[in-house]
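[1] I would like to see how this sequence folds:
(2 chains)
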Amino acid sequence: MIKKDIEKILGREINLVHPKDFRNGDYTLIADEKTAQEDFERLENNKPECISKIEFIKPRFINIYLSKEFFAESLKEIVEKGENFGRSEHARGFKVMVEHTQPNPFKQFHIGHMMNNAIGEAVARIIKWNGAEVKTASYHGDIGMHVAKALWKGDYALGSKAFEEDAQAKAEIQELNKKIYDKSDPALNKKYEEGRKKSLEEFGQIYERLGSKFDFNFFESEAAPVGKEIVLENMQNLPAGRQVFEESEGATVFKGEKYGLHTRVFLNSDKIPTYEAKEVGLAKIKKEKYAFDQSVTITANEQDAFFYVVEAAIGEVFLELKGKLKHLSHGMLRLPSGKMSSRTGDVITAEALIEEVKTRTKGDEQVAIAAIKYMILRQSIGNDIVFDFEKSVSTEGDSGVYLQYAHARANSILEKAGRKGNATGESGETREIERMLYRFPEIVERAGKEYAPNYITTYLTELASSFNNFYAHEQVISDEPESAYRLAIVEAFSIVMKNGLNILGIAAPEKM
RNA sequence: GCCCCUGUAGCUUAAUGGAUAAAGCAGCGCUCUUCUAAGGCGCUGAUGUAGGUUCGAUUCCUGCCAGGGGCACCA
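    Here you go, the predicted model:
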């Protein structure tokens, strides 16, 4: 709003930022050195009501201070909009599918899945808050070599180890994979179906605990035949030179070299579709189920190279999908005590982590899950994160609990006061908390444009800190005329914090 | 060997090309007769390295060093 007002006055687009230090104003216009003086004078002479002061700092900084009336007005707006405060319209009409979590049946739901789930859930919600229509999807690897490895002797780690070390076992597992794929062995089919069903039930339970819901569940078993067909079609029915896929050493591959990438196998020499071909099939299934403008897939960054190649292949097969696929990757969730590997069976399940953290949150599961989610979401997506039980999940400082606690405190004050705030009353000095609250919608929008949940966590932490400061230094409930205005601040804070936690998929208990 | 990602305080992390690089933890001092002390206030402490672009670089470009990931029938 402010930006548009100023652009109107100056008649051009401007570079407007929030200074890091509030003492330098609420906004800074970074002007061109040549026109800065002129811009300053024009603003000074056409000052909008919401601006109380404008100052010109030497070469090019024009600092803008908002008026008391502006802050009072923003508090009123927050209270009026309530749970809708912060919603943006900038992505209205845009259809997005967000695929995340992707646990594989026959294998455990480990902390890597939990990390992916926290990010995926937050990203989906952020996009939704920006006005887009969002559908979430999980994709389950219910077929493929990992299933054969798991079914070989009933244990994935065992099968995986034997596959690499024992040629005999490797041959048996490959044979098993073929049988699972063509469903030629009734006894095996039964074992397979039972195991698959059990896994999916367990995943459902953990989703519920994490507060995650999916609009679609896709399976590799359905994507496989679709993918295989597409691969064959784009090889056989096209003239030489126009073929997307080609034969090489008995396998069917996509030569990524023409994109500066590398070759990957889509059908193995047994004509069984690999993960690559299944991903192509999945793209087709997705677009038929939901006519998305963008499909976001969230995975660990060890799959980056895989996705570059597969997306290039999909772009050739489905021209209309070119540029509509977005791959977002995150690092590993590392624990202070060593690495985790699903191949050796050395995995830490999501459940084990939740239980472990619970012992440090007085047994409260909502608080424990909030602590874990916050640790994951507080930093920019992409790098590994180190999850330290002892310190990082502590209930102090930069943590999910800190946010929940500040929110609960605000509610407690409102309840104790037994009356609503009133932002039209006596306001006194403008406080840091007021200077933070009105910014929430711009934070949501920025987070939406960059798929960056940590913009929200960072903001909320600063907001909670401002609130705690405010709370520690001012008597909110009193007979003074400013009391009503202070209550309005508390009320607005409670709303913004709750909405913020909601966007992140973190619970916001009313009491703690 | 080739490709991709990452190097910020003792530790874990922030910082849409902008002002004095921001927090939390740890350490050292304060602070509960007062609305939830799971809180607040203060001190100490950092951009791997060498260049380049720019009025201005943690941010963009190049070399080097260090760490992680990937590179044909796994997912």
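
[2] and the helix or strand containing A:Leu151, what does it pack onto?
    Assigned by DSSP states H and E, A:Leu151 falls within helix A:145-152. Packing partners of helix A:145-152 (3 or more CB pairs under 8 Å, 6 or more residues apart in numbering; DSSP states H and E): helix A:156-165, helix A:167-182, helix A:186-210. Every residue, glycine included, has its C-beta placed from N, CA and C.

[3] Would you mind getting the angle between it and helix A:156-165?
    Inter-element angle recorded for helix A:145-152 and helix A:156-165: 110 degrees (by axes from the mean of the first three to the mean of the last three CA atoms, to 10 degrees).

[4] What angle do helix A:167-182 and helix A:145-152 make with each other?
    110 degrees.

[5] so what's A:Ala313 up against?
    Taking CB atoms under 8 Å, 6 or more residues apart in numbering as the criterion, A:Ala313 is in contact with A:Val244, A:Phe245, A:Phe254, A:Gly256, A:Phe266, A:Glu276, A:Val280.

[6] Tell me which residues touch the third one, please.
    Just to be clear, that refers to A:Phe254. If you count contacts by CB under 8 Å, 6+ apart, A:Phe254 has them with A:Val244, A:Phe245, A:Thr263, A:Arg264, A:Phe266, A:Glu276, A:Val309, A:Ala312, A:Ala313.

[7] element containing the residue nearest to A:Thr361 when sequence neighbours are not counted?
    Take A:Thr361 and drop its neighbours on the chain: the residue closest to it by CB to CB, 6 or more residues apart in numbering is A:Val367, 4.2 Å away. Applying DSSP H and E as the criterion places A:Val367 in helix A:365-377.

[8] And that helix, what's buried?
    For helix A:365-377, the neighbour count (16 or more other CB atoms under 10 Å) marks A:Gln366, A:Val367, A:Ala368, A:Ile369, A:Ala370, A:Ala371, A:Ile372, A:Lys373, A:Tyr374, A:Met375, A:Ile376, A:Leu377 as buried.

[9] Show me the contact partners of it.
    Applying CB under 8 Å, 6+ apart, the external contacts of helix A:365-377 come out as A:114-115, A:118-119, A:122, A:209-211, A:333, A:353-354, A:357-358, A:360-361, A:385, A:387, A:392-393, A:395, A:399-401, A:403-404, A:453-454, A:456-457, A:501, A:504-507, A:509, A:512.

[10] now stretch A:24-38
    Taking contacts as CB under 8 Å, 6+ apart, the residues outside stretch A:24-38 that touch it are A:2, A:6, A:14-19, A:39-40, A:43, A:53, A:55-57, A:59-66, A:435.

[11] List the contacts of whatever residue of the stretch 101-250 of chain A ends up closest to RNA strand B.
    When scored by CB to the nearest atom of the strand, the stretch 101-250 of chain A has A:Gly144 as its residue closest to RNA strand B, at 2.7 Å. Taking CB under 8 Å, 6+ apart, we find A:Gly144 in contact with A:Asn177, A:Glu220, A:Thr274, A:Tyr275, A:Lys278.

[12] what's the answer for A:Arg92, then?
    Each residue near A:Arg92 by CB under 8 Å, 6+ apart is listed here: A:Gly131, A:Ala132.

[13] Any stretches of the stretch 201-350 of chain A with poor pLDDT?
    A:237, A:240-241, A:336-346 (pLDDT under 70).

[14] can you pull out the helices in it?
    A:220-236, A:275-289, A:304-317, A:350-358 (DSSP state H, counting those that start in this stretch).

[15] Can you give me the buried ones in the longest one?
    Taking 16+ other CB under 10 Å as the basis for neighbour counts, the residues of helix A:220-236 that come out buried are A:220-224, A:226-228, A:230-232, A:234-235.

[16] The residues you listed: which two are farthest apart?
    Longest distance between any two of the buried residues of helix A:220-236 is 22.7 Å, between A:Ser221 and A:Met235; criterion CB to CB.

[17] Could you measure from A:His146 over to A:Leu501?
    Separation of A:His146 from A:Leu501 (CB to CB, to the nearest Å): 36 Å.

[18] Repeat that for A:Lys190.
    Computed as CB to CB, the A:Lys190 to A:Leu501 distance reads 45 Å.

[19] In terms of neighbours, single out the busier of the two.
    Higher neighbour count among A:Lys190 and A:Leu501: A:Leu501, with 23 against 10, using other CB atoms under 10 Å.

[20] any idea how far the more buried one lies from RNA strand B?
    15 Å (CB to the nearest atom of the strand, to the nearest Å).

[21] hang on, that residue packs against A:His407?
    Yes. Shown here, A:Leu501 and A:His407 form a contact pair, counting by CB atoms under 8 Å, at 7.0 Å.

[22] nearest residue to whatever residue of the stretch 1-150 of chain A ends up closest to RNA strand B other than its sequence neighbours?
    Residue nearest to RNA strand B within the stretch 1-150 of chain A: A:Val17 (2.2 Å; CB to the nearest atom of the strand). Distances taken as CB to CB, 6+ apart put A:Thr28 closest to A:Val17, at 5.4 Å, once the chain neighbours are dropped.
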